[in-house]
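1. Return a 3D structure for these sequence lines:
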Amino acid sequence: MTVKELEAQLLSLTAVEKIEAIRILTQNINQNPRGITKTPGVMGADACIAGTRIPVWLLVKFRSQGASDANILEAYPQLNATDLVNVWVYAQAYPDEIETAIKQQEEADAILD
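-> Predicted structure coming up:
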């Protein structure tokens, strides 16, 4: 298959299929892909970067508040660019889940204030 043929096939994918293709390629590029996991009893079983307690919704919220990927990587030096790609891909694939998690956290924060 040529690169031009691959490009045509990639462009014909649906948005969700493109996201999955990006995830697969990103994990293949990174020698130690962590991915996104949900673990019962850890961070309310919210989607987190595997092997961490860093929830996807938190990084999405930071980004929505204007944080760049560089800002996030500086704040979380244990993460790498591939981790963030996985986060953004996951968030794009499951926007309702992320929006609900952010809303629940904001409601919990309001109770504490």
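
2. Packing partners of the lowest-mean-pLDDT helix or strand in the chain?
-> The least trusted helix or strand in the chain, going by mean pLDDT, DSSP states H and E, turns out to be helix 15-29, with a mean of 78. Contacts of helix 15-29 with other secondary structure elements, assessed using 3 or more CB pairs under 8 Å, 6 or more residues apart in numbering; DSSP states H and E, are made with helix 81-93. Just so you know, the C-beta spots here come from the backbone N, C-alpha and C atoms, and that holds for glycine as well.

3. Tell me the helix or strand right after the helix it packs on.
-> Next along the chain after helix 81-93, taking DSSP states H and E as the criterion, comes helix 95-112.

4. got the buried residues for that next one?
-> If you call a residue buried by 16 or more other CB atoms under 10 Å, then helix 95-112 has these buried ones: 97-98, 101-102, 105.

5. Give me the angle between it and helix 81-93.
-> With axes from the mean of the first three to the mean of the last three CA atoms, to 10 degrees defining the directions, helix 95-112 sits at 100 degrees from helix 81-93.
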